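Enquirer: Next come a sequence and a model predicted from it.
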Amino acid sequence: MSAVNQSHCADCGQATTPCTGKRGCRHKGKHEYYAVHDQVWIGEAGMDSGFLCISCLERRIGRRLDVADFKDVPVNEPADPWHTERLASRLAPTPVALLEEAVAS
Ligand SMILES: [Zn+2]
Ligand SMILES: [Zn+2]
């Protein structure tokens, strides 16, 4: 049994922080380790403890995560190279999204 906690998603079972625990293991672009506000995690998703991957959390809340859903804590640092592409895209609005926002307002 591995001593490495891979934080398996409560819904799909996928490791949200996959790690081989071996030397040379690379985490770049593979981890979905993040913290969202309680009203999203508990209120909308109905979670208490545990982990969810981005797609299962978004399925539970029935919408796409927005940068405002994330807590202002170091694990949510948008530039963290360990984040998966989809997590990074939720944490940092893309130039296209910003453009759409500017057009809409
Ligand atoms: Zn999942
Ligand atoms: Zn690793």
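Expert: Perfect, thanks for sending it. Ligands and ions are numbered 1, 2, ... in the order given.

Enquirer: Strands of the chain, residue ranges please.
Expert: Taking DSSP state E to define them, one finds no strands in the chain.

Enquirer: Spell out which parts of it neighbour ligand 2.
Expert: Within reach of ligand 2 by Cβ under 5 Å from the ion, the chain has these residues: 19, 25. From N, CA and C alone the C-beta is placed, and that goes for glycine too.

Enquirer: Could you tell me which residues of this structure lie near ligand 1?
Expert: By the rule Cβ under 5 Å from the ion, the part of the chain lying against ligand 1 is 9, 11-12, 53, 56.

Enquirer: Please pull out the lowest mean pLDDT helix or strand from this structure.
Expert: Scoring the helices and strands of the chain by mean pLDDT, DSSP states H and E places helix 95-104 at the bottom, with a mean of 66.

Enquirer: now, which of the residues of the chain next to ligand 1 lie within helices?
Expert: Among those, the ones falling in helices (DSSP state H) are residue 56.

Enquirer: Which one (most neighbours) among the residues of the chain next to ligand 1?
Expert: Counting neighbours by other Cβ atoms under 10 Å, residue 53 comes out on top of those with 22 neighbours.

Enquirer: List the contacts of the spatially closest residue to it that is not a sequence neighbour.
Expert: Distances taken as Cβ to Cβ, 6 or more residues apart in numbering put residue 9 closest to residue 53, at 4.3 Å, once the chain neighbours are dropped. Applying Cβ atoms under 8 Å, 6 or more residues apart in numbering to residue 9 gives the contacts 15-16, 51-53, 56.

Enquirer: Now with 6 Å, please.
Expert: Contacts for residue 9 (Cβ atoms under 6 Å, 6 or more residues apart in numbering) come out as 16, 51-53, 56.

Enquirer: And it, how far from residue 26?
Expert: Look at residue 9 and residue 26: by Cβ to Cβ, to the nearest Å, they are 20 Å apart.

Enquirer: ok, now residue 11?
Expert: As defined by Cβ to Cβ, residue 11 lies at a distance of 26 Å from residue 26.
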